[in-house]
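# Structure, please.
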Amino acid sequence: MRHIFLTGFIFCMSTFPLHTNAQSPNDEQALIEANSMSFAQDTEIVTALGDVKIQYRGRELRAGKITWDQKSDRIIASENVIFIDVDGTRITSQSAELQNEMKQATLKKFSLMKQTNLRLKGEAASRQSGQLTRVRKSVFTACKPCKNKPNAPPTWQLRSGETVYDEGDETISHKNVRLEMRGVPVFYLPYLVHPAPNVKKRSGFLFPVFRSSTDTGVDISLPYFINIAPDYDLTLSPRFIGDGGSMLGFDWRQKTPQGTYNIAGNGLWLDAEDNDDNDRTFRGNIQSKGNFKLSENWHAGYDYWWASDKSFMRRYDISDADFFTSKAYIRKTNGRNKIDVRLLDFRTSIVDIDEDAQPEVAPHIRTAHYYDNLAGGELRVTSDLISVSRKNGADLNRAVAETEWTRQSILKSGQILDYFGGVRGVYHDYEINNGAQSEKDDESVVLAHAGIKWRMPFIKRQSSGSVIIEPTAQAIIANEEVNQTVIPNEDSLSSEFDSLNLFEVYRHTGYDRFDTGNRVDVGINTNFEADNGNSYRMFVGKSYRDKVAERPTIGTEQGKKASDWLVDIDLQQASGLGFNGQFRFDDDNQELIRSDGEIYATIKKAHFSLQYTHLDSSITPEGADREETRGSFDFNLSENWFLNGHIKYDMERESRLKNSIGLIYRDDCTDISLSFNQSFTRNGNIGPRNGLTFKIILRTLGGQ
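Sure, this is the predicted structure:
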C-alpha cells in the first residue's frame, strides 16, 4: 500500500454534498491510501484503485476507485462510495461525480444518515452551486432503524418524487409527497416544506389537534408558529368547532435577561342564539405566567387568569379546574431566611358559587429568619401579614408574629430528646357582611408553649430481617385560649387530625384557628425490613388533654380529654404488591370515622392502583358522609405502546364522577395519543359529557 501526500487535493471536501459548515482548507494536505495508484502526466489524471481512502481535516472518503482529472477539475468515485463527515454524517452512493471544486456533484443510489437519526435516500442526487442538493425518488425519515429488522419500514417516512435541500435557507422541500406509517401510505400532499433538522425554530404550521365532544361536536385546531426573533415567538391556533363557530387561540413567549414569560388566550365570536350558557357574543380567556431572577437573592413572578364567563373554559375543553388563582410575588431568599410578598386573586368556574364571595388578598407578607447556636439550639422568628377583602362576604386583616426555639440531644443510651418552646401573637381585624347585617370587630391573642419530645428506637436483627420499634411521647404546656369561631376562617379550612400533625404544636394549617392547652401526645412506630425486600410499617398514636375540651378541636370531641385513635399501615411486597392506609377511630366506641387507603400492584409492565376515602358525617363541614373510590391502571403493552385509564366513583351517591382511557405510541421520532374522557357531573348547562382527543407529533416536521 502506498501513502502519497498531495497539497490541496481535496480542496472542497468540507463542502461535500449536504454539509453546511464549509471551511477553506487552503495549503493543507490530504492523505490518500490505496492498493495501487497511477498518475498520467500527459492527461494529468490521478487514478487510485482498491480500498481507496482519502482523509482530510477530519473527513474521510472511501471508494473502490477514484479518478481525478486535474484539467477538467472532475473527480469520479465508484464502487461503494462512502463519505464520513466530521459531525458523523454518513453518505453512501453507488457512484459519485464531482466538478467545480465539488460545488457540483451527481450521485447514484444516494443515501445519507446523520447522528440525529435523520435519513435521506434516493435513486439519484445532484448538487448545484455548492449548497442546493436535489434527490430524485427520495425517502426521508427521522426515525432510528429497527434493531431487529434494520431494513423494515420505519414508524413514519416521507416518500417524494423529489426532495430539495437548500443549505443556505436551511429548508427541505418535497414534491408529490406521501406520508407512510410502517410503510403504509396514509396521507398525500402535492408539496411540503419544513426546516432542516439543525434548525431550532422556524415559522410554519404545527401538527393539528383533533377533538370531539358532546359539548362542541367535532373540532380541529391548526396551530401556526411564528418565529419572530430568537428570544420571542408567537403561536396562532385557529380552531374550527362543529357546534360553536370558530375560535382563535394565541400563545406569546419571550425570554428576557431576567427570565421568561408567556401570554396565552382564546377568543370566540358567536351569535347570541348559538351561546348555550349566556347571552354573550364574545367569549374568551387569557392566561399569563412569568418567572424572573432579579438578582442572586431576589426573585419575582406572576400567574394571571381571566375568563369572560364561568362556563367558557370548561365548555371548550381549555381547563376543567374548579378554581383559578392569579398571583404576583417578589421573594428574597438567603439560605433558609426569606421574605415573601404576594398579591392573590381567586376566581371559580362553578356556576352555583357567588363570584363576588371569592377573596382578594393584597398583600400577603411572610418572613422567616433562623438563628443558630442560641442556647445550644436554633431560634426561628417568623411573621405573617395578610389583608383579605371581598365584594360580598367577610373582610379580614391579620398580623402574626411567632418565635420558636428548638434543641435536640441524643443520649448515650440512644434516647432522643427534643426541647422546644415559643410564643405566637395573632391580631385579627375583621368585618362580616352577609347582606342583611354587618359585624365588625377585632381580636388579639398571645399563645405561649414549652415542651419536650422523647423518642427511643429499639433495633433488633432477626434471621429474616430487621425490626425497629420506636415509641414516642411528647408533653406540651400551653396557655388556655378560646378559639373565636366567629373570626373568618381563611387558611385553616383543610385542617385534619392525622399522624403527620399529631406531634405538631399547632395542628391547624393556618393561623385563623388554633389548638391550645396542656396535652400529652403518644405514639409507637413499628417497622420491619425483610431481607427478601418486603417491608411492613405500623403506627398507632393519640393525644390526651389535662382538661376536657370546651368545644370540638382537632381530633378531640367536645367534653372529652382523649383524642381519637390514629392508625397508619404500610405494607410493601418485593413482588410489587402493596397497601397503605391512614385510619381514625372514635375514642369511645372505636368506630371507624375516617379512612384513606390504597392498594397497588406492579406486575411486570403493568401497574394498578385502587384508592378509597371515607369521612364520617361527624368530621365533615357539611355534616354528611363522604365515600369515594378512585382507580387507575398503566400498561406497557410493548416498548412503545402504552395504555392507561382512570375512574372516580362517588359511593355515597352511587354515581360515577369521571372516567378516562388513553392509548399512546411513543418512540424516538413519533408521539401519538388517543384519549377518551367522560364526565358525569354538571356545572350549569355543561355535562354530563364525553370527549375524544387525538394528537400526533412527528419529529422535525413541526411539533410542540
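
# Could you tell me how many residues sit around residue 384?
Residues near residue 384, counting by other C-beta atoms under 10 Å, number 19. C-beta: built from backbone N, CA, C; applies to glycine.

# Repeat that for residue 200.
As a burial measure, residue 200 scores 8 neighbours (other C-beta under 10 Å).

# May I have the secondary structure class of it?
State at residue 200, reduced to three classes by DSSP: H, G, I helix; E, B strand; the rest coil: coil.

# switch to numbering from 107
Yes, from this point I'll number from 107; that puts the last item at residue 306.

# I'd like to know how far it sits from residue 780.
Taking C-beta to C-beta, to the nearest Å as the measure, residue 306 falls 29 Å from residue 780.

# Show me the protein divided up by domain.
107-218, 222-305 (automatic domain parsing).

# Quick one: find the helix or strand in this protein with the lowest mean pLDDT.
Lowest by mean pLDDT, DSSP states H and E among the helices and strands of the chain is strand 108-113, with a mean of 34.

# Toward the C-terminus from that strand, list the very next helix or strand.
Next along the chain after strand 108-113, taking DSSP states H and E as the criterion, comes strand 135-140.

# Just name whatever secondary elements that following strand is in contact with.
strand 108-113, strand 151-162 (3 or more C-beta pairs under 8 Å, 6 or more residues apart in numbering; DSSP states H and E).

# other SSEs contacting the longest one?
Just to be clear, that refers to strand 151-162. Using 3+ C-beta pairs under 8 Å, 6+ apart: strand 151-162 touches strand 135-140, strand 142-146, strand 165-175.

# what about 10 Å?
strand 108-113, strand 135-140, strand 142-146, strand 165-175, strand 180-190 (3 or more C-beta pairs under 10 Å, 6 or more residues apart in numbering; DSSP states H and E).

# Would you mind writing the CA trace of the third one as CSV?
In other words, strand 142-146. The C-alpha coordinates for strand 142-146 follow below in CSV (Å, rounded to 0.1, in the frame of the first residue of the first chain):
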residue,chain,number,x,y,z
SER,A,142,-2.4,1.0,-6.2
MET,A,143,-2.1,4.4,-7.7
SER,A,144,-1.0,5.9,-11.0
PHE,A,145,-0.5,9.4,-12.5
ALA,A,146,-0.7,10.1,-16.3
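
# Show me what that strand is packed up against.
Checked by 3+ C-beta pairs under 10 Å, 6+ apart, strand 142-146 has strand 108-113, strand 151-162, strand 165-175 packed alongside it.

# who wins for proximity to residue 650 among these?
The closest of the helices and strands packed on strand 142-146 to residue 650 is strand 165-175. By C-beta to C-beta, the value is 81.7 Å.

# The closest one pairs with which strands, parallel or anti?
strand 151-162 (antiparallel), strand 180-190 (antiparallel) (DSSP bridges).

# Only C-alpha atoms, please: export that strand in PDB.
Backbone C-alpha positions of strand 165-175 (Å, rounded to 0.1, in the frame of the first residue of the first chain) are rendered in PDB as follows:
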ATOM      1  CA  ARG A 165     -13.300  13.900   6.900                       C
ATOM      2  CA  GLU A 166     -13.000  10.600   5.100                       C
ATOM      3  CA  LEU A 167     -13.900   9.400   1.600                       C
ATOM      4  CA  ARG A 168     -13.800   5.700   0.800                       C
ATOM      5  CA  ALA A 169     -14.300   4.000  -2.600                       C
ATOM      6  CA  GLY A 170     -13.200   1.100  -4.700                       C
ATOM      7  CA  LYS A 171     -11.900   3.500  -7.300                       C
ATOM      8  CA  ILE A 172     -11.300   7.300  -7.500                       C
ATOM      9  CA  THR A 173     -10.200   9.100 -10.600                       C
ATOM     10  CA  TRP A 174      -9.200  12.800 -10.600                       C
ATOM     11  CA  ASP A 175      -8.900  14.700 -13.900                       C
END
